[in-house]
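Chemist: can't give you the sequence, but here's the structure:
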């Protein structure tokens with residue numbers, strides 16, 4: 001009888017908890033709302049409960065559905081740095097204080113986007129000078145959800161850019177947002193939903209994956225991971241400890257670790273499982289009004305570039321559909337130089353090319369980091385320049401601030417004797433080779449074998465020759481994992497890696 005009473009009490013308390021009006025995870029103190037867009041505000045309540053949302057001069061009511069969910073839409077508002085309260089009233093009242101209106105960007109991806117200010121170049125100076133009251137950042141906690149999309153998730157809360165806070169912000173997000181605050185003079189919010197080392201499949205909904213042309217291959221791999229999941233979890237601790245000891249010994253001897261990194265669990269409960277990060281870290285944020293997305297990911301998919309070329313555009317389409325704002329701007333970073341341990345030395349070049357397939361979608365932009373990578377470190381520290389290039393694109397395309405944001409892009413290659421003349425788009429101000437003659441050029445003849453080549457800048461074009469190729473038919477530039485990429489235009493922006501062949 002005592003146990004039954006306890007169970008009954010628990011059910012009553014659970015019912016009362018469900019009756020409280022709640023808000024979606026981004027609606028907390030110090031939030032920034034997107035200007036000039038209809039503003040969805042949503043959460044939970046008791047089924048059938050009347051809920052009223054009030055913000056500034058607006059007050060909108062609705063009734064919670066049978067599942068307890070409710071949503072209202074506030075009319076678009078202009079930017080405002082004047083703090084206001086967002087009040088939601090039902091059987092209880094929730095007040096969100098110090099809410100501003102400005103520009104909101106979601107930054108997503110794996111470790112290079114998650115990389116924090118305190119680990120970036122000039123970190124001490126950057127943190128000490130982080131005094132931007134209009135710039136705020138919120139990070140979504142690492143959350144795995146194996147069984148479908150969650151309605152809510154945990155976050156750090158919105159934090160203002162101060163020396164006490166900024167060191168833990170996404171570096172690219174912070175430097176990008178700082179640039180916008182300086183140029184626009186209005187509030188900027190950065191929503192950081194990232195997890196290092198994760199594949200794109202984890203960030204896609206189950207529906208998006210299943211309608212992709214690559215689903216048979218993705219599903220086959222997933223079924224294998226499911227079958228091996230328990231065994232991998234059991235063996236992981238001992239295998240990792242053996243790897244750790246071997247790695248420490250190898251570093252002490254200045255040698256390469258002979259023990260391969262152990263295979264982790266890729267099944268349920270891991271951040272590598274399909275859809276789990278979409279379910280836990282993206283779905284609960286939809287449809288919070290945004291200006292756009294910034295994305296830096298792909299390192300964990302380098303072995304499957306053909307799949308990535310299909311999955312990445314599908315992810316973008318599905319995210320846009322989930323937010324319901326149309327073709328929301330989506331800007332991404334092409335992988336930087338890094339000498340991954342693989343025999344061809346070209347695997348990342350193919351992944352970089354796969355990334356470019358997304359450029360066929362509307363309102364898409366890509367910046368390259370090919371010239372500022374570190375061949376020995378997958379995490380280059382110069383996040384300021386990556387963010388600057390993203391901000392140049394946003395300022396020109398969205399905010400009406402004319403900016404040179406595109407480096408030279410391959411246009412054509414025509415035969416001239418023993419040479420190929422390469423022409424470019426976005427070579428305004430001419431072509432410049434930094435520090436030394438143009439590096440990382442290759443030519444191939446009809447045999448499809450590429451040889452090192454030299455390039456001579458000529459009237460805004462590049463004349464490429466190689467003594468090993470008398471009748472060239474194809475040219476490549478920066479087509480390796482970690483090329484020396486030193487070709488720029490007059491605006492100081494790097495040439496994108498390219499190939500003219502279809503080999």
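Modeler: Thanks, I have it. In this text, all values refer to a predicted model and were calculated from it rather than measured experimentally. Residues are numbered from 1 along each chain as shown.

Chemist: measure residue 463 to residue 472 for me?
Modeler: Applying CB to CB, to the nearest Å, the value for residue 463 to residue 472 is 11 Å. For every residue, glycine as well, the C-beta is placed using N, CA and C.

Chemist: between those two, what contacts are shared?
Modeler: 419, 420 (CB atoms under 8 Å, 6 or more residues apart in numbering).

Chemist: Compare neighbour counts for these two and give me the winner.
Modeler: residue 472 (25 against 16; other CB atoms under 10 Å).

Chemist: Identify the residues contacting the more buried one.
Modeler: Contacts of residue 472 by CB under 8 Å, 6+ apart are 415, 418, 419, 420, 443, 444, 445, 464, 465, 466.

Chemist: mind checking how far it is from residue 305?
Modeler: 25 Å.

Chemist: what do you get for residue 203?
Modeler: 17 Å.

Chemist: Near residue 383, how many other residues are there?
Modeler: 28.

Chemist: doesn't residue 120 make contact with it?
Modeler: Yes - with contact defined as CB atoms under 8 Å, residue 383 reaches residue 120; the gap is 4.7 Å.

Chemist: Could you name every residue contacting both of those two?
Modeler: Contacts common to residue 383 and residue 120, judged by CB under 8 Å, 6+ apart, are residue 171.

Chemist: and the closest residue in space to residue 111 that isn't next to it in sequence, what pLDDT?
Modeler: Closest residue in space to residue 111, ignoring its immediate chain neighbours: residue 196 at 3.1 Å, by CB to CB, 6 or more residues apart in numbering. Looking at residue 196, its pLDDT stands at 97.

Chemist: Show me the domain layout of this structure.
Modeler: With domains defined by automatic domain parsing, the chain comprises 206-274, 409-499.

Chemist: Report the beta-bridge partners for the closest residue to residue 23 other than its chain neighbours.
Modeler: Once flanking residues are discounted, residue 23 sits nearest to residue 43: 4.2 Å by CB to CB, 6+ apart. Counting by DSSP bridges, residue 43 is bridged to residue 23, residue 70.

Chemist: quick revisit: how many residues are close by the residue nearest to residue 111?
Modeler: 18.

Chemist: Assess the claim that it and residue 114 are in contact.
Modeler: Yes - using CB under 8 Å, residue 196 is in contact with residue 114, at 5.2 Å.

Chemist: can you pull the contacts of residue 265?
Modeler: So residue 265 contacts 229, 232, 233, 236, 272 (CB under 8 Å, 6+ apart).

Chemist: And the pLDDT at residue 261?
Modeler: pLDDT, read off for residue 261, is 88.

Chemist: Report how many residues lie close to it.
Modeler: Neighbours around residue 261, by other CB under 10 Å: 11.

Chemist: Which strand in the protein has the most residues?
Modeler: strand 93-109 (DSSP state E).

Chemist: which residues are in contact with the helix or strand containing residue 366?
Modeler: Element membership for residue 366 (DSSP states H and E) is strand 364-368. Strand 364-368 has contacts (CB under 8 Å, 6+ apart) with 316, 329-334, 352, 355-356, 358-359, 386, 389-390, 393, 397, 405, 407, 494, 496-497.

Chemist: Select only the buried ones of those in PyMOL?
Modeler: Remark: buried members of the contacts of strand 364-368, expressed as a PyMOL selection using 16 or more other CB atoms under 10 Å:
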select buried, resi 316+329+330+331+332+333+334+352+355+356+358+386+389+390+393+397+405+407+494+496+497
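
Chemist: Point out the ones among the contacts of strand 364-368 that are inside helices.
Modeler: 316, 352, 355, 356, 386, 389, 390, 393, 397 (DSSP state H).

Chemist: hang on, the earlier thing: which one's more surrounded, residue 203 and residue 305?
Modeler: residue 203 (30 against 19).

Chemist: Test my guess that the more buried one contacts residue 276.
Modeler: No - contact between residue 203 and residue 276 fails when scored by CB under 8 Å: they sit 9.1 Å apart.

Chemist: in its sheet, what does the longest strand of the chain sit against?
Modeler: Short version: by DSSP bridges, strand 93-109 pairs with strand 32-34 (parallel), strand 80-89 (antiparallel), strand 188-194 (parallel), strand 292-296 (parallel).

Chemist: Same list, those, but as JSON lines with mean neighbour count and distance to residue 132 please.
Modeler: Shown next, in JSON lines, are the strands paired with strand 93-109 (neighbours: other CB atoms under 10 Å; distance: least, CB to CB, whole Å):
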{"stretch": "strand 32-34", "mean neighbour count": "26", "distance to residue 132": "12"}
{"stretch": "strand 80-89", "mean neighbour count": "16", "distance to residue 132": "12"}
{"stretch": "strand 188-194", "mean neighbour count": "27", "distance to residue 132": "8"}
{"stretch": "strand 292-296", "mean neighbour count": "25", "distance to residue 132": "18"}
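
Chemist: looking at those, which is closest to residue 176?
Modeler: strand 292-296 (6.5 Å; CB to CB).

Chemist: For the closest one, the averaged confidence score.
Modeler: For strand 292-296, the per-residue pLDDT averages 98.
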